[in-house]
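Enquirer: okay, sequence plus prediction incoming.
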Amino acid sequence: MGRVDPTTYAVIAAAVLVGSVVQSAVGLGVGLVAAPVTALLEPALMPGALLMVAVLLPCLTLVIDHHDIDWRGLGWSLPARFPGTLVGVWVVGALSARELGIAIGIVVLGAVALTWRAVTVPLNRLSLSVAGFASGITGTATSIGGPPIAIVYQHRPAREIRTTMAVYFLIGAGLSLGALWVTGDLERDQAVAAAELLPWLALGTGLGALARRSLPAHVVRPAVLVVSSASALVLLVRSLVG
């Protein structure tokens with residue numbers, strides 16, 4: 001990853017690999033796992049590098065599986081992401097690297113808390129619009145836009161969740177990247193890093209496709225939340241102390 005030392009690259013690549021396995025299997029995970037690790041080790045790559053990963057991963061996912069997409073739901077969540085994206089761009093420009101690290105840590109821990117408790121949210125126009133708006137903010141500012149949408153869809157069939165969120169990530173992350181590029185908050189090093197992480201992303205997607213046939217989601221989910229919480233806590237403490 002250009003100026004990134006090999007050890008740092010290996011750890012970030014491992015985080016992307018694990019996150020992409022999980023996201024391919026259950027619908028989200030790459031941001032939860034990789035964002036705190038990347039922000040902790042190489043904050044200059046955030047949020048652009050992982051947003052590019054968030055665009056590439058659903059492309060691979062949809063090649064493997066593109067059935068049962070909830071287009072009607074996307075018709076409400078995606079338009080709401082537009083104003084959320086504008087707020088997210090403002091956040092990126094307003095916060096320092098330290099403050100962004102704190103924000104990422106808080107977003108991850110909040111997402112884990114909501115997901116762990118399995119908060120019941122009705123799937124309707126209002127919830128989809130609110131989730132899309134919130135996802136636009138967190139997705140653009142921290143590259144973690146999946147949890148608000150996942151919470152709304154949590155009781156739907158697994159394949160519908162996986163494929164609907166893949167479409168949402170593809171369009172939503174693309175929108176966030178475009179907005180960051182217009183405001184000058186997207187850097188070349190971030191694009192280079194995303195390209196160098198692509199092999200690990202592809203490997204994780206393939207492994208995730210195999211894992212979802214044999215590994216139940218109720219086994220994967222707690223492990224992801226524990227790993228995400230641990231990395232977010234380390235990032236939060238380091239950002240607060242530093």
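Expert: Perfect, I can see it now. Numbers count the residues shown, from 1 in each chain.
Enquirer: residues in contact with residue 191?
Expert: Going by CB atoms under 8 Å, 6 or more residues apart in numbering, residue 191 touches 48, 49, 52. C-beta: built from backbone N, CA, C; applies to glycine.
Enquirer: looking at neighbours, which among the residues you listed is most surrounded?
Expert: Neighbour counts for the contacts of residue 191, by other CB atoms under 10 Å, peak at residue 49, which reaches 29 neighbours.
Enquirer: how much space separates residue 40 from residue 100?
Expert: Distance of residue 40 to residue 100, given as CB to CB, to the nearest Å: 11 Å.
Enquirer: from the contacts of residue 191, pick the one nearest residue 91.
Expert: residue 48 (13.9 Å; CB to CB).
Enquirer: doesn't residue 186 make contact with that closest one?
Expert: Yes. At 4.8 Å, residue 48 counts as touching residue 186 under the criterion of CB atoms under 8 Å.
Enquirer: shared neighbours of these two, anything?
Expert: Joint contacts of residue 48 and residue 186 (CB under 8 Å, 6+ apart) are 177, 180.
Enquirer: follow-up on the earlier one: which one's more surrounded, residue 40 and residue 100?
Expert: The residue with more neighbours, out of residue 40 and residue 100, is residue 40; 23 against 20, by other CB under 10 Å.
Enquirer: what helix or strand is that one on?
Expert: helix 30-41 (DSSP states H and E).
Enquirer: pLDDT on that helix, on average?
Expert: Throughout helix 30-41, pLDDT has a mean value of 87.
Enquirer: that one - contacts with which helices or strands?
Expert: Counting by 3 or more CB pairs under 8 Å, 6 or more residues apart in numbering; DSSP states H and E, the packing neighbours recorded for helix 30-41 are helix 6-26, helix 48-64, helix 97-116, helix 125-142, helix 146-153, helix 217-241.
Enquirer: lowest mean pLDDT among the helices and strands of this protein, which one is it?
Expert: helix 217-241 (a mean of 72; mean pLDDT, DSSP states H and E).
Enquirer: what about the longest helix in the protein?
Expert: helix 188-214 (DSSP state H).
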